[in-house]
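In: Give me coordinates for this.
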Amino acid sequence: SCSSWKACTSLRPHGFGVLLCSSCFASLEEEQSSGGPGPCASSRGGLLGLEPNVAVQQGTVSPDRAALGSAIGAAAECAVMASALKGQTTNGQSSACGLVERCMQQRPLLLKSRTIDCGSVVMDACYADSLLAIRSSVAMRVLRRGDWKSILTVPAPPLQAGHLPVMELLERESLLIATSATGLQVVDLAAGRSQLVPTSGHELQLHGTRSGLLVARPSTVTLHDLTNPSVVVASWSCRPLGLGASGAIAASTTSGAGSDASSSAERLVWLDPRQPEPITMALSSDVTAPWSRAVVPSGAEGKGASGAALGSAEGDVLALDLRAVSKPIWCARGFTEGPVEEMFRTRRMLLARADGRLGPAPLQALSWDGRHLASLPGGGAGG
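Out: Sure thing, here's the model as predicted:
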């Protein structure tokens, strides 16, 4: 509805950026060295960008962001999101911890904001180091983030009925890839031309890696050659949970043996684009519900980022280090009211939202050390 906020289906993190959406406008938190996340929708055709300004240190405003502790940094990021959402929805009440409330009271604001008039309904947006891509109901535009001038505009491809659009912006390869009703639309930013790569459709997520383009569908993950996206380099039969710069987390069904041959169970696996077979993740956890979502480092967080998280069908959220998955860092049981539908990460925060079947689902914010930061108003289930 026009008054509700919601996080979009398959919302993906790309480093220090967070993309939220409402039926009125989209809110984007960004850092100059980050890349951008996935699907977003707006009925009025505007984007609100939140940009780094100054940080809070020991109760005063300081430009030295590097000196921020992780707790204050996470609270500062959460505060600017809460400030952007404040007054934009009547659907649910927000709540925040004391540190976040204090950051919200700081003046000047911790992050600057910028509104971009898109002229028509915004359906999707993503960004890279120096570019921003916006998909409206009629066109796809690419803008420079330095002066916010449009460098390319192409017609938006038609979508499959009932499917939200997904885009991936690959600045190094000068490519914009978007889903369509009949395949992937690949736009060469340098040449200003596009081509359609026919696929089976139903793409849920896209993510570029050094080895190619990872594409997630309901029961498969495929790796495509970026120089020739019609070529499938590898394919895995599994239920994708989350894609990242170095691979993906998925659930793979294992059949029983002997007397249990008719039964089956899901095992958590890691998909490495360099390996033909899935790698079992021997996670030690007392969470028994099926995993419903995962977030993986996107590559924009900096070298060595290894923090990932899983969400379950019962609302549990579990954080882990991909270098040592056997022992979780922490687990928040029943963190969301219902199955975890969306998860995405920033450098200092983890955000999760339930599927909304039990009513408007708030967006829950956690720091990476497991502290609950805020509960932000949300709308119904995305998609």
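
In: If you count contacts, what does whichever strand or helix holds residue 124 end up packed against?
Out: Counting by DSSP states H and E, the element that carries residue 124 is strand 122-127. Strand 122-127 sits against strand 26-29, strand 46-52, strand 131-136, strand 167-170, with contacts defined as 3 or more CB pairs under 8 Å, 6 or more residues apart in numbering; DSSP states H and E. Glycine gets a C-beta too; all of them are placed from N, C-alpha and C.

In: and the angle from that strand to strand 131-136?
Out: 170 degrees (axes from the mean of the first three to the mean of the last three CA atoms, to 10 degrees).

In: Can I get strand 122-127 in CSV? Just the C-alpha atoms.
Out: In CSV, the C-alpha atoms belonging to strand 122-127 read as follows (Å, rounded to 0.1, in the frame of the first residue of the first chain):
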residue,chain,number,x,y,z
VAL,A,122,11.3,3.3,-9.5
MET,A,123,11.4,-0.5,-9.6
ASP,A,124,15.0,-1.3,-8.9
ALA,A,125,18.3,0.4,-8.2
CYS,A,126,21.9,-0.7,-7.6
TYR,A,127,25.3,1.2,-7.4
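
In: Let me see the mean pLDDT of it.
Out: For strand 122-127, mean pLDDT rounds to 86.

In: now stretch 363-376
Out: 87.

In: how about that stretch: buried residues?
Out: Using 16 or more other CB atoms under 10 Å as the test for burial, stretch 363-376 gives 363, 364, 365, 366, 367, 368, 373, 374, 375, 376.

In: Could you dump those residues into JSON lines with distance to residue 159 and secondary structure added?
Out: What follows is those, written out as JSON lines (distance: CB to CB, whole Å; DSSP: H, G, I helix; E, B strand; the rest coil):
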{"residue": "363", "distance to residue 159": "25", "secondary structure": "strand"}
{"residue": "364", "distance to residue 159": "29", "secondary structure": "strand"}
{"residue": "365", "distance to residue 159": "30", "secondary structure": "strand"}
{"residue": "366", "distance to residue 159": "33", "secondary structure": "strand"}
{"residue": "367", "distance to residue 159": "36", "secondary structure": "strand"}
{"residue": "368", "distance to residue 159": "35", "secondary structure": "coil"}
{"residue": "373", "distance to residue 159": "35", "secondary structure": "strand"}
{"residue": "374", "distance to residue 159": "33", "secondary structure": "strand"}
{"residue": "375", "distance to residue 159": "32", "secondary structure": "strand"}
{"residue": "376", "distance to residue 159": "28", "secondary structure": "strand"}
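
In: with these in mind, which one is nearest to residue 155?
Out: residue 363 (32.7 Å; CB to CB).

In: Would you mind measuring from the closest one to residue 349?
Out: Going from residue 363 to residue 349 by CB to CB, to the nearest Å gives 11 Å.

In: Correct me if wrong: residue 229 contacts residue 185.
Out: No: applying CB atoms under 8 Å as the test, residue 229 and residue 185 come out as separate, 10.1 Å apart.

In: if I look at the two, which residues touch both of them?
Out: 177, 197 (CB atoms under 8 Å, 6 or more residues apart in numbering).

In: The one helix or strand residue 206 maps to - what's its average pLDDT?
Out: Per DSSP H and E, residue 206 falls inside strand 205-209. Averaging pLDDT along strand 205-209 yields 92.

In: Figure out how far that strand is from the centre of its chain.
Out: Distance, stretch centre to chain centre, for strand 205-209: 11 Å (CA atoms, centre = their mean, to the nearest Å).

In: helix or strand right after it?
Out: strand 212-217.

In: how about the helices in the chain?
Out: 70-85, 98-104 (DSSP state H).

In: between these, which one is nearest to residue 181?
Out: That would be, of the helices of the chain and by CB to CB, helix 70-85, which comes in at 32.8 Å.

In: so how far is the closest one from its chain's centroid?
Out: 17 Å.

In: Give the buried residues for that helix.
Out: 71-85.

In: on that earlier part again, buried residues of the strand holding residue 124, list them for me.
Out: 122, 123, 124, 125, 126, 127.

In: I'd say the fourth one and residue 132 touch.
Out: Yes: taking CB under 8 Å as the definition, residue 125 is a contact partner of residue 132 at 7.0 Å.

In: what residue ranges in the stretch 1-150 of the chain score low on pLDDT?
Out: By pLDDT under 70, the low-scoring segments of the stretch 1-150 of the chain are 1-69, 87-93, 108-114.

In: If we use 90, what do you get?
Out: For the stretch 1-150 of the chain, applying pLDDT under 90 flags the ranges 1-129, 137, 145-147.

In: do the stretch 151-300 of the chain as well
Out: 159-164, 182, 192-193, 199-202, 210, 226-230, 245, 253-266, 282-289, 297-300.
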